[in-house]
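model the structure of this input:
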Amino acid sequence: MPDLKIQIKNLYKIFGRNDKKMISHVESGMSKAELLETHGHVLALKDVNIDVPAKGVQVIMGLSGSGKSTLIRHINRLIEPTSGEMLVDGNDVLSMSDSDLEHFRRFQASMVFQNFALFPHKTILENGMYGLKIQGEKDNQAKPKTQKWLDRVGLSGFENHYPAQLSGGMQQRVGLARALSTDADILLMDEAFSALDPLIRTDMQDVLLDLQKELHKTVIFITHDLDEALRIGDNITILRDGEVIQQGNPQEIILNPADEYVSDFIQDINRPRVLQIGSIADPKGKSEGPSMDAETVVEDALQKIILSKANGINVVKDGKNIGAASLEQLIHAIARPTGEKKGIESYR
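Residues are numbered from 1 along each chain as shown. The predicted structure follows:
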């Protein structure tokens, strides 16, 4: 089991004057709507428990109002919880002194916001240097470090421009460079790419994934977009009304949705291009067909089967055969589940 970087335990957040007194109502089964109508308090998070492995991308997703942005702001304690624990490297962020919390925010956790959060009166270089300046570094130390990351995210030559002179995608690259410059272990990304056009958004996802292969940060990524979650997430947590509905890796969630709410999220994805043969393989199966890596998507596997005129494939991981998948299994796995759907709007 990988080392855990962040552990969120029994986390509740209720907005209102008597928030702590409201926990008993929620624990006894009172819904978010009932709590608001009866007591005038807003339930934002309900008994959230998430273990985040180190050096991976943990996606937290859900519809608007599900509590995902509230949750990420508890990690660096921008929001105080009603109750619960938030452990980072075994240390409870919620019990930190002011000085310890300040150190944690400056050196251990960097944040990238949806609205870029750049200073309009500062140049791109000055914006990128901001985190390092807060850490106490002098200009002659901060400038080369920042320049390195501006170059890495494709902003060479824009150092003396101002945010208003850059496109949205370029501004978000500045925000990413600023966060990386501080060399924090944890990268908090709150719908960081949601305001971008689709092509630019995909480009930024590529930038993040390429950097992650090298840097191995612990990334908490908030999104409402399942395609984005499946593309970048090592693990995904789905929230509804402040409560965890399902957790797992992308393959587990696609193949075994916990309920109709999750099923509605995944019903329109391109299953052949997302499902990997390793998640479908029968460990006891054998095939006379070709061998393929476990991370190969079903679409590519089907094409190879057709060309080889075989009835299945052998599945290999780390050089070892881990089973086989028949043509029938592959087709069955990518067939869209049948059954009437409520439609995602029913959950808003």
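
domain assignment for the chain?
Domain segmentation of the chain under automatic domain parsing yields 4-266, 271-334.

got a markdown table for those domains, with mean pLDDT and mean neighbour count too?
C-betas here are computed from N, CA, C, even on glycine. Listed next are the domains of the chain as a markdown table, based on pLDDT from 0 to 100; neighbours: other Cβ atoms under 10 Å:
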| stretch | mean pLDDT | mean neighbour count |
| --- | --- | --- |
| domain 4-266 | 94 | 18 |
| domain 271-334 | 91 | 17 |
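
quick check on the residue of the chain most remote from its centre: phi, psi?
Distance from the centre of the chain peaks at Lys309, with 39.5 Å (Cα atoms, centre = their mean). When read as degrees, to the nearest 10, the backbone of Lys309 gives phi 60, psi 30.

distance-wise, check it relative to Val297.
21 Å (Cβ to Cβ, to the nearest Å).

biggest helix in the protein by residues?
In the chain, assigned by DSSP state H, the helix with the most residues is helix 198-215.

helix, strand or coil for the spatially most central residue of the chain?
For the chain, the residue nearest the mean C-alpha position is Val59 (2.0 Å; Cα atoms, centre = their mean). Under DSSP: H, G, I helix; E, B strand; the rest coil, the three-state class of Val59 is strand.

the strand or helix carrying Ile220: partners in the sheet, and parallel or antiparallel?
Assigned by DSSP states H and E, Ile220 falls within strand 218-223. Here strand 218-223 has these sheet partners by DSSP bridges: strand 57-61 (parallel), strand 186-190 (parallel).

got the ones you listed as a markdown table, with distance to Gln114 columns?
Formatted as a markdown table, these follow (distance: least, Cβ to Cβ, whole Å):
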| stretch | distance to Gln114 |
| --- | --- |
| strand 57-61 | 14 |
| strand 186-190 | 6 |
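
quick one, helices of the chain?
With helices called from DSSP H, the chain shows them at 19-27, 32-39, 68-75, 98-103, 124-134, 139-152, 168-181, 198-215, 226-232, 250-255, 260-266, 271-274, 298-308, 327-334.

between these, which one is nearest to Asn160?
helix 124-134 (6.8 Å; Cβ to Cβ).

mind listing residues that contact the closest one?
Defining contact as Cβ atoms under 8 Å, 6 or more residues apart in numbering, one finds that helix 124-134 is touched by 106, 110, 118-119, 122, 139, 141-143, 145-147, 149-150, 155, 158-163, 166, 174, 177-179, 181-182.

ok, 7 Å please
With contact meaning Cβ atoms under 7 Å, 6 or more residues apart in numbering, helix 124-134 is reached by 106, 110, 118-119, 142-143, 145-146, 149-150, 155, 158-161, 163, 174, 177-178, 181-182.

equivalent analysis for stretch 101-118, please.
By Cβ under 7 Å, 6+ apart, stretch 101-118 touches 75-77, 88, 93, 96, 127, 131, 134-135, 163, 171-172, 174-176, 179, 182, 184-192, 194-195.

again, only using 6 Å
Stretch 101-118 is contacted from outside by 76-77, 127, 134-135, 163, 171-172, 174-176, 179, 182, 184-192, 194-195, using Cβ atoms under 6 Å, 6 or more residues apart in numbering.

ok, now stretch 210-222?
With contact meaning Cβ under 6 Å, 6+ apart, stretch 210-222 is reached by 5, 54-55, 57-60, 68-69, 72, 185-191.

Pro283: which of the strands paired with strand 218-223 is closest?
Comparing those by Cβ to Cβ, strand 57-61 comes nearest, at 27.2 Å.

kindly export the closest one (C-alpha atoms) in CSV.
Provided in CSV are the C-alpha atoms of strand 57-61 (Å, rounded to 0.1, in the frame of the first residue of the first chain):
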residue,chain,number,x,y,z
VAL,A,57,-3.3,12.8,-8.4
GLN,A,58,-6.4,12.6,-6.2
VAL,A,59,-9.5,14.0,-8.0
ILE,A,60,-12.5,15.1,-6.0
MET,A,61,-15.6,15.7,-8.2
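
measure how far it is from the centre of its chain, please.
In terms of Cα atoms, centre = their mean, to the nearest Å, the centre of strand 57-61 is found 2 Å from the chain centre.

quick revisit: Leu11: which of the strands paired with strand 218-223 is closest?
strand 57-61 (12.2 Å).

cool, thanks, signing off.
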